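1. Structure of the sequence below:
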Amino acid sequence: MEIKLMEVSLMEVKLLTSLTSKQILEKLGELGLEVSPEELLRHVSYTFSVSGVSRALTHQLVRHRMASYTQQSQRYVKISELREVAVIPHSIEGDSNAKKRYTTALDECQRAYHELLASGIPEEDARSLLPNATPPTIILTMTGRYLMHFFGLRCCLRAQWEIRELADRMLVAVRRLEPELFRRAGPNCYQLGYCPEGRLTCGKMDEVVKRYEKLGYTEP
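-> So this is what the prediction gives:
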């Protein structure tokens, strides 16, 4: 999985993009605009380029409707070596028998896909048999406020492992850029001070909170 923070825009205050969030707040204060860091998050947007993730992940990702997405087309971009690029879940990677069945299925999909193309089937139809493990590149843009919402849901241990890993990497990227602005970023239990999952709680809140107090600040 590869993630790159491409661009930050500050909308009305975009001339202040070279300043830290603390300096921006000070400048706004000089203009008579007293805003909290939480309010500032509504006017900051972040654009990420994400690659090396599965189509299964991007189907989850685009359910977050208050964001903008551009995803690589499987109609115009042919898949050449599926086994080399497909995402393999950790549970399968760690089981030699499961991995053998998985990679065999990938090879069969790859072979059938190219046979369909060679027989004249359009790319838009041949792509129908490509698995969820196929990795597209996707570009997404979210406001800082919506990122906090996204982190609250997707950094949670109840989230699917791949999108949780993506959320963690996005969190590290913005924390390194704006450490103070995203100090409270993380799963809902970290943001709220309690777990809102009720009987579905993982029961590991103390461990989770300690991790997100450090993530992006002390890890490489």
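2. I'd like the next helix or strand past the lengthiest helix in the chain.
-> Criterion DSSP state H: the longest helix present in the chain is helix 96-118. With elements assigned by DSSP states H and E, the helix or strand that comes after helix 96-118 is helix 123-126.
3. partners of whichever helix or strand comes after that following helix, with directions?
-> Heading C-terminal from helix 123-126, the first helix or strand you meet, by DSSP H and E, is strand 138-143. Counting by DSSP bridges, the strands paired with strand 138-143 are strand 45-51 (antiparallel), strand 68-71 (antiparallel).
4. pLDDT of strand 138-143, averaged?
-> For strand 138-143, mean pLDDT rounds to 89.
5. which outside residues touch that strand?
-> Identification of contacts with strand 138-143 by CB atoms under 8 Å, 6 or more residues apart in numbering yields 6, 41-51, 53, 58, 61, 64, 66-72, 150. All C-beta atoms are positioned from the backbone trio N, CA, C, and that covers glycine.
6. Now list the buried members of these.
-> 41, 43-48, 50, 53, 58, 61, 64, 67, 72, 150 (16 or more other CB atoms under 10 Å).
7. tell me which residues in the strand or helix carrying E38 are buried?
-> Following DSSP H and E, one finds E38 within helix 37-40. By neighbour count on 16+ other CB under 10 Å, the buried set for helix 37-40 is P37, L40.
8. Which other helices and strands does that helix contact?
-> With contacts taken as 3 or more CB pairs under 8 Å, 6 or more residues apart in numbering; DSSP states H and E, helix 37-40 sits against helix 21-30.
9. For the helix it packs on, which helices and strands make contact with it?
-> Judged by 3+ CB pairs under 8 Å, 6+ apart, helix 21-30 is in contact with helix 37-40.
10. for the helix it packs on, the distance to its chain's centre please.
-> 22 Å (CA atoms, centre = their mean, to the nearest Å).
11. Export only the CA atoms of that helix, formatted as PDB.
-> Presented in PDB, the C-alpha positions along helix 37-40 are these (Å, rounded to 0.1, in the frame of the first residue of the first chain):
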ATOM      1  CA  PRO A  37      -8.700  24.600  15.600                       C
ATOM      2  CA  GLU A  38     -11.900  22.600  15.200                       C
ATOM      3  CA  GLU A  39     -13.500  25.400  13.100                       C
ATOM      4  CA  LEU A  40     -10.300  25.700  11.100                       C
END
